[in-house]
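1. here is a sequence with its predicted model. Questions after.
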2 protein chains.
Amino acid sequence: MSTSFAISKRSTECFARRGLLNTAHGDINTPVFMPVGTQATVKAVRVDDLKDAGASIILGNTYHLYVRPGHELIRELGGLHRFMNWDRPILTDSGGYQIFSLSERTTISEEGAKFRSHVDGAALFLGPEEAVTVQEALGSDVIMCLDTCIGFPATRDEVEAATALTTRWAARCKTARTRAENLLFGIVQGGMFGDLRAQSAESLVEIGFDGYAIGGLSVGEPTELMYEMTEASVAHLPTTHPVYLMGVGTPADLIEGIWRGVDMFDCVMPTRNARNGTLFTSFGKVVIKNARYRDDPRPIDEACDCPVCRHYSRAYLRHLFSCRELLGYQLCTIHNLHYYLNLMAGARRAIEEDRYGAFRRDFYSGMAPQ
Amino acid sequence: MSTSFAISKRSTECFARRGLLNTAHGDINTPVFMPVGTQATVKAVRVDDLKDAGASIILGNTYHLYVRPGHELIRELGGLHRFMNWDRPILTDSGGYQIFSLSERTTISEEGAKFRSHVDGAALFLGPEEAVTVQEALGSDVIMCLDTCIGFPATRDEVEAATALTTRWAARCKTARTRAENLLFGIVQGGMFGDLRAQSAESLVEIGFDGYAIGGLSVGEPTELMYEMTEASVAHLPTTHPVYLMGVGTPADLIEGIWRGVDMFDCVMPTRNARNGTLFTSFGKVVIKNARYRDDPRPIDEACDCPVCRHYSRAYLRHLFSCRELLGYQLCTIHNLHYYLNLMAGARRAIEEDRYGAFRRDFYSGMAPQ
């Protein structure tokens, strides 16, 4: 089940590796960052903007699409790719995280999750089989097994029970799967307990998946603990399969995740921060609403060659934010996506040339002046 | 002062004419529709979208830019074109309309208008000389004289006084102008009184401008009266100069304005309606939020070749509106601008081929099925 992933280069300094993941909608060069397209759109931008920024795969949220407009409707309209006019790969999460964080009156049983829609209160159910059915209806290229979400902090007993349930659900997802062309990833849980992470990873590997995700991190724990749990998970996963760190993270988190052997990332940070006026640059964050940028003729980042930095001043972007003009959210999202995707392109080149350690040091030294 | 405008063809059926207006930032084929870029952005779209849709000139709002971010700042940053990254012509209104409709505690004297900013309450003043100074600082290609706004309905005495003041201000604007490369247009007022319209037009022509605008219409009067007042104004303007009907209007208003000899139009309708989910099509309006479009796989308008109609279904656009996704406003604005600008391109071709009457009939018959 791992013929879909080929590693062309491994760092001699760390666990970083350069790979190619083959999917029904094309190849993905890894390490890769996946912009989040929650409701069949990456917020504020068009698909051409994503391609211009270098996005090779985006993430769709199963929970959101299940609730609205519904997976059956999307299937009837030709699948998620056609619905949103995106012809490159799509990974869908399982919906597990949103069932816990967004929906109401959620009850979990061995069967699955009963919950009420956050939109209209409708009573809904999603078990492992339904999660696969929904994602297959969407036409996702990479399907995630339904997992349970564990809060932070949580007791060992809670974590142990939830992790075991996630594993049993993962086995049912694999059985439920009907199409081999859609890759299926298992999700490692185990909370903040290294041994439970190891156990979770090993159980999933025994079932066997096309790739493995690390879930339940970036939920409020200290950054160092997140890195530690990433290591505890990766150590028990096959080095031949893609590893995806879910919902992570800051630029530094990406750099550190790659160092620890992670191939795939997704996070709302570049898009959400853009809409709040927080921009990522080679020298740190720029809060564009700040009055100091009122008459600043410089681009966001003089070292950036994105279309926004080539054509617009900080003063103009600040003006758009002051006026709450929609164009501001659009342009800042484009810039932030370029930043994230360029960072990953740089990481890939560095791994190819076996200088990832230097790349990582350069990243931090660039940030210093802030 | 009319060498900037050349008419290549006049309809033999009506007052429609095909012209070319030369400005410092390039030529404009008329009749033309100018998308409104109130605050240094046409809301929800990028400058490339405007070019793709065929926009050859856009409108900027002097009042808004004067209030925020300020004309001096825009001048320091290289002018409005550079500030917003638009290298084609820009026409700026005089600010008169917004002083009356948006600002607070406005008092009018012979000198000009005292008012308070709608943003922060700052005390501001704009007289005819200041209106020209501000527009020159912005680097506008077509500057409008400051005019007074007349409500509807208004008494003959009120209209007479306001129109006479507008004429005196127009003379001062002409004197205040310092750069010949920026065209200067006078604004015909006269409310809903045909003889005052005639008087206003004749007084402005006596002063002499590069073009003439018809102001004070589309303020709540019946459509037929608006057309009648347009005719009453055009009849007293030189047939050699561009005529601009301000703030108008619906697609039918454009068709009728051209029939009556108007060369230029601007209106927030295509962009504002788009953000409300009201779309213009060859067969009438489509309210995309309507539940009937929930599973409609068709484009907005099968006869439209805009990028939105080529790639997206009504079901997808409705979904975006249901979720209040920013992309919905963006895509619908692009479609509506294509509709308006295509309509004008069609009108220009029809005039060239002297079949404007047939074009006008076809326009109305297309609308019939609704």
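-> Perfect, I can see it now.
2. residues contacting the closest residue to residue A:159 other than its chain neighbours?
-> Using C-beta to C-beta, 6 or more residues apart in numbering or on different chains and skipping residues adjacent in sequence, the residue nearest residue A:159 is residue A:191, 3.6 Å away. Bear in mind the C-beta positions are built from the backbone N, C-alpha and C, glycine included. Counting by C-beta atoms under 8 Å, 6 or more residues apart in numbering or on different chains, residue A:191 makes contact with A:150, A:152, A:154, A:156, A:158, A:159, A:162, A:163, A:197, A:216.
3. among the residues you listed, which ones are in helices?
-> A:156, A:158, A:159, A:162, A:163, A:197 (DSSP state H).
4. okay, the closest residue to residue A:223 other than its chain neighbours: pLDDT?
-> Leaving aside its chain neighbours, residue A:223 sits nearest to residue A:253 (7.3 Å; criterion: C-beta to C-beta, 6+ apart). For residue A:253, the pLDDT comes out at 98.
5. what about residue A:253, how many residues close to it?
-> 22 (other C-beta atoms under 10 Å in any protein chain shown).
6. so how far is chain B from it?
-> 26 Å (C-beta to the nearest C-beta, to the nearest Å).
7. kindly report the same for residue A:256.
-> 31 Å.
8. give me the neighbour count for that residue.
-> A count of nearby residues for residue A:256, using other C-beta under 10 Å, gives 23.
9. can you confirm it is in a helix?
-> Yes. When classified by DSSP: H, G, I helix; E, B strand; the rest coil, residue A:256 is found to be part of a helix.
10. hang on, it packs against residue A:231?
-> No. Taking C-beta atoms under 8 Å as the definition, residue A:256 is not a contact partner of residue A:231, at 10.0 Å.
11. sorry, back to before: in what helix or strand does the residue nearest to residue A:159 lie?
-> Using DSSP states H and E, residue A:191 falls within no helix or strand.
12. can you give me the neighbour number for the residue found closest to residue A:311 once you drop the neighbours it is linked to in the chain?
-> Counting by C-beta to C-beta, 6+ apart, residue A:311 lies nearest to residue B:85, which is 4.5 Å off, once chain neighbours are set aside. Applying other C-beta under 10 Å, we find 19 residues neighbouring residue B:85.
13. now do residue A:284
-> Neighbourhood size, residue A:284 [other C-beta under 10 Å]: 14.
14. and it, what are its bridge partners?
-> On the basis of DSSP bridges, residue A:284 is bridged to residue A:281.
15. hmm, back to that, farthest pair within the ones in helices among the contacts of residue A:191?
-> In terms of C-beta to C-beta, these reach their longest pairwise distance at A:158 and A:197, which sit 14.9 Å apart.
16. and the two? Which one has more around it.
-> A direct count of neighbours by other C-beta under 10 Å for residue A:158 and residue A:197 places residue A:197 higher, at 28 against 13.
17. coming back round to it: distance of the residue nearest to residue A:159 relative to chain B?
-> Following C-beta to the nearest C-beta, the distance that separates residue A:191 from chain B is 32 Å.
18. center of chain A - which residue?
-> residue A:266 (1.6 Å; C-alpha atoms, centre = their mean).
19. in a strand, it, correct?
-> Yes. Counting by three-state DSSP, residue A:266 is part of a strand.
20. identify the residues contacting it.
-> A:33, A:34, A:35, A:36, A:59, A:91, A:244, A:246, A:247, A:248.
21. what does residue A:32 give?
-> Residues in contact with residue A:32 (C-beta under 8 Å, 6+ apart) are A:21, A:56, A:57, A:263, A:264, A:265, A:344.
22. got the phi and psi for it?
-> phi -130, psi 150 (degrees, to the nearest 10).
23. now it, which residues is it bridged with?
-> residue A:264.
24. tell me, which of the contacts of residue A:266 make contact with chain B?
-> Filtering the contacts of residue A:266 for proximity to chain B by C-beta under 8 Å from any C-beta of the partner chain leaves nothing.
25. tell me which entries of these lie within strands.
-> Of the contacts of residue A:266, the ones assigned to strands by DSSP state E are A:33, A:34, A:35, A:36, A:59, A:91, A:244.
26. return the residues of chain A in contact with chain B.
-> A:39-41, A:43-46, A:68-69, A:73, A:76-78, A:83-85, A:294-295, A:297, A:311-313, A:315-316, A:319-320, A:322-323, A:325-327, A:329-331.
27. show the buried residues in those.
-> The neighbour-count criterion (16 or more other C-beta atoms under 10 Å in any protein chain shown) marks A:39-41, A:43-46, A:68-69, A:73, A:77, A:83-85, A:295, A:311-313, A:315-316, A:319-320, A:322-323, A:325-327, A:329-331 among the residues of chain A next to chain B as buried.
28. thinking again about what came up before, looking at the ones in helices among the contacts of residue A:191, which one is closest to chain B?
-> Using C-beta to the nearest C-beta, residue A:162 is the member of those that lies nearest chain B, at 30.3 Å.
29. roughly how far apart are residue A:252 and residue A:367?
-> 8 Å (C-beta to C-beta, to the nearest Å).
30. what is the neighbour count of the residue in the stretch 101-250 of chain A that chain B sits nearest to?
-> Here the stretch 101-250 of chain A gets closest to chain B at one residue, residue A:119, 8.8 Å apart by C-beta to the nearest C-beta. By the measure other C-beta under 10 Å, the count of residues near residue A:119 is 13.
31. for residue A:107, same thing?
-> For residue A:107, using other C-beta under 10 Å, the count is 9.
32. wait, it touches residue A:116, no?
-> No. Contact criterion C-beta under 8 Å: residue A:107 and residue A:116 do not qualify, at 10.2 Å.
33. find the nearest non-adjacent residue to residue A:121, please.
-> Going by C-beta to C-beta, 6+ apart, residue A:121 has residue A:104 as its nearest residue, at 7.1 Å.
34. contact partners for residue A:19?
-> Taking C-beta under 8 Å, 6+ apart, we find residue A:19 in contact with A:5, A:6, A:7, A:8, A:29, A:30, A:31, A:242, A:263.
35. rounded mean pLDDT for stretch A:132-145, please.
-> 98.
36. next one: it to chain centre, how far?
-> With C-alpha atoms, centre = their mean, to the nearest Å as the basis, stretch A:132-145 stands 16 Å off its chain's centre.
37. from start to finish, how long is it in a straight line?
-> Stretch A:132-145 has an end-to-end distance of 7 Å (criterion: C-alpha to C-alpha, to the nearest Å).
38. ok, now stretch A:252-271?
-> Terminal residues of stretch A:252-271 are spaced 17 Å apart (C-alpha to C-alpha).
39. so for that stretch, what gets flagged as buried?
-> Here stretch A:252-271 shows A:253-267, A:269-271 as buried, counting by 16+ other C-beta under 10 Å.
40. also stretch A:148-161?
-> So, applying 16+ other C-beta under 10 Å, buried residues of stretch A:148-161: A:148, A:149, A:150, A:154, A:159, A:160.
41. now residue A:319, nearest residue through space, not along the chain?
-> Leaving aside its sequence neighbours, residue A:319 sits nearest to residue B:69 (C-beta to C-beta, 6+ apart; 4.7 Å).
42. wait, I meant residue A:204
-> Per C-beta to C-beta, 6+ apart, closest to residue A:204 is residue A:186, 3.8 Å.
43. let me see the contact set for that neighbour.
-> A:145, A:170, A:173, A:204, A:207, A:209, A:211, A:212, A:213.
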